[in-house]
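K.L.:
coordinates only, sequence not included:
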DNA sequence: TCATGGGCATACCGAAAAGGTATCATAATT
DNA sequence: AATTATGATACCTTTTCGGTATGCCCATGA
């Protein structure tokens, strides 16, 4: 049984006689006769009653007409779906991001992408930066949003957001009420900072800003997540530079201060160059729209 | 796009490399390569990533795998359905019957048939005998249950039931209380009877029984339906012979009496010999079981 | 570094299938 | 009885399909 035979069969059932059906199918009558006869032989059943003024369906033919139409409909749908999948309009896309990004770019991006590509099964996962790197390498996720630093040879990236860092102080800190905080006044403070191997750009940005203010920051504690840094600052364990958008975390007891020439932090969208998932292009177009 | 290509595609997706897939498909690798390449060309999309240790699906391929499996599943189902339809296990079957038959054979037959052929869409219609004949001729119904008499050249029939006729009298009739009614005692009564052209066998049976009792019945009223005859007898318009099963009609004021050598009435299943609906055979087998 | 082997693509060939033309058989219609 | 419409059959040509032989690529290992 072939799809062509089913097409011929449906057309013949519609037309009611071989001649007109063949015409509609852009072929001549004899091959059509043979195809239908072949189909009948294969199925072991007469599908049409041949009368002097055309053909009519038998009971088996009526049943097949229902099923054949469904098969043909699905076959056509399959073709359309493949095209859609190639364009990234359907399929699956998974995004991993650090909790820090969750406060800045992720919400808007996710919302916009889901509107633009409603038929893509879009999954998002918060993950620690190191986990994100591994997940990306092993193909668990198609896209990652994180700080610069995991640019391997096979990864591509695109900047999503460049935002200033703010100083965060405990609520009861002596500097928490000054109007314009100078970095220099923090020279004796104990700093909470992300380990350099976790996010070199972030770490170096903070250290360099302090050095340009004339001191090397005293590292009180190395902490992996910006979110946790803010929490620990609120608990009185020191001060820190964190991305400005962390203010949205609404941590009680933490006070945010802007400074002159703040260190800048980048959020990068990264993916593997050999990942061919067409949905990635769609996501990139949404990113381009939004920046 | 052909069903074979979809089969090849699914098998390749399962096997993970051309060699094994070709083996499973009982063919060699090169034709399989060409078929897949052809499918990819037609769809305008790479479906597999060719790696040194086999193939993996692309995003478009993953989508197609879902759809292709569904298409193949339905195609196989269509084949099975055709076979079922040929055997009369699925399809449509419509039965027309006279109201008189509704009291005797129809209930049991319908019940049994629906159990034996649950996937057949079985429709039943009560109809007047003349309408039944026309409906049968024009193919509105596949089967009819009626009295003998509409045996045309193209119709086939099979006896379903042969039952004795009873005399029905008004409740207040002077003979309604005798223990054993003799036909002879009805010689002066006015008879309600079906017109001869509507059911010759029925009509003739009654007349002949009366004549063998020594009189020709006086036709008081010609009535089409046995049901109506009983009702009119109850209303005091005369007496009548009706099929014994009419007693089930529970008409108030009508009294049924059995007689010696009662006229017999046949219920026939009739259908057109050129009607090829395979469900008819199924119905016949149910009838055979029940008689 | 070069040989090796697994894996897919390509070239070419013969067989099978599909479509086209011409013609026939049948039944309804004029 | 001739005609017309319809499907089937015979025969031919083209296309498609599957098979064999072989080439290319890349990873692996001596």
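P.N.:
Here it is on my side, so go on. Source: prediction; values computed, not measured.

K.L.:
which secondary element of chain A has the worst mean pLDDT?
P.N.:
helix A:129-137 (a mean of 86; mean pLDDT, DSSP states H and E).

K.L.:
what does whichever helix or strand comes after that one rub up against?
P.N.:
Moving toward the C-terminus from helix A:129-137, the next helix or strand (DSSP states H and E) is strand A:143-146. Identification of contacts with strand A:143-146 by C-beta atoms under 8 Å, 6 or more residues apart in numbering or on different chains yields A:93-98, A:101, A:105-106, A:129, A:132-133, A:135-136, A:150, A:160, A:199, A:267-271, A:280, A:283. Placement of C-beta: from N, CA and C, glycine included.

K.L.:
what does stretch A:86-95 give?
P.N.:
Applying C-beta under 8 Å, 6+ apart, the external contacts of stretch A:86-95 come out as A:81, A:84-85, A:106, A:110, A:117, A:119-125, A:140-145, A:277-283, B:44-45, B:59-60, B:62-63.

K.L.:
for ChimeraX, what selects the buried ones among the residues you listed?
P.N.:
Selection of buried members from the contacts of stretch A:86-95 for ChimeraX, criterion 16 or more other C-beta atoms under 10 Å in any protein chain shown:
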select /A:81,84,85,106,110,117,120,122,124,141,142,143,144,145,277,278,279,280,282,283 /B:45,59,60,62,63
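
K.L.:
keep only those of the contacts of stretch A:86-95 that are in helices.
P.N.:
In this view, the contacts of stretch A:86-95 that belong to helices under DSSP state H are A:81, A:84-85, A:106, A:110, A:279-283, B:59-60, B:62-63.

K.L.:
return the member of the residues you listed nearest to DNA strand C.
P.N.:
residue B:60 (15.1 Å; C-beta to the nearest atom of the strand).

K.L.:
please name the residues that touch the residue nearest to residue A:47 when sequence neighbours are not counted.
P.N.:
Closest residue to residue A:47 apart from its sequence neighbours, by C-beta to C-beta, 6 or more residues apart in numbering or on different chains: residue A:61 at 3.8 Å. Residue A:61 is in contact with A:9, A:13, A:46, A:47, A:48, counting by C-beta under 8 Å, 6+ apart.

K.L.:
and residue A:61, how far from residue B:105?
P.N.:
Using C-beta to C-beta, to the nearest Å, residue A:61 is found at 31 Å from residue B:105.

K.L.:
now residue A:201
P.N.:
In terms of C-beta to C-beta, residue A:201 sits 90 Å off from residue B:105.

K.L.:
again, but for residue A:267
P.N.:
82 Å.

K.L.:
could you do residue A:245 as well?
P.N.:
Going from residue A:245 to residue B:105 by C-beta to C-beta gives 83 Å.

K.L.:
residue A:2 now?
P.N.:
The value you get for residue A:2 to residue B:105, if C-beta to C-beta is used, is 47 Å.

K.L.:
and the contacts of residue A:61, which is closest to residue A:287?
P.N.:
Of all the contacts of residue A:61, the one with the least separation from residue A:287 (C-beta to C-beta) is residue A:9, at 49.2 Å.

K.L.:
and what about the closest one, helix, strand or coil?
P.N.:
helix (DSSP: H, G, I helix; E, B strand; the rest coil).

K.L.:
quick one: name the residues of the stretch 151-291 of chain A near chain B.
P.N.:
Proximity of the stretch 151-291 of chain A to chain B (C-beta under 8 Å from any C-beta of the partner chain) is limited to residues A:276, A:277, A:278, A:279.

K.L.:
name the nearest of those relative to DNA strand C.
P.N.:
Checking those one by one against DNA strand C (C-beta to the nearest atom of the strand), the nearest turns out to be residue A:276, at 15.3 Å.

K.L.:
quick check, the closest one in contact with residue B:58.
P.N.:
Yes: taking C-beta atoms under 8 Å as the definition, residue A:276 is a contact partner of residue B:58 at 5.8 Å.

K.L.:
pick out whichever of these two has more residues nearby.
P.N.:
The neighbour comparison of residue A:276 against residue B:58 (other C-beta atoms under 10 Å in any protein chain shown) goes to residue B:58, with 22 against 14.
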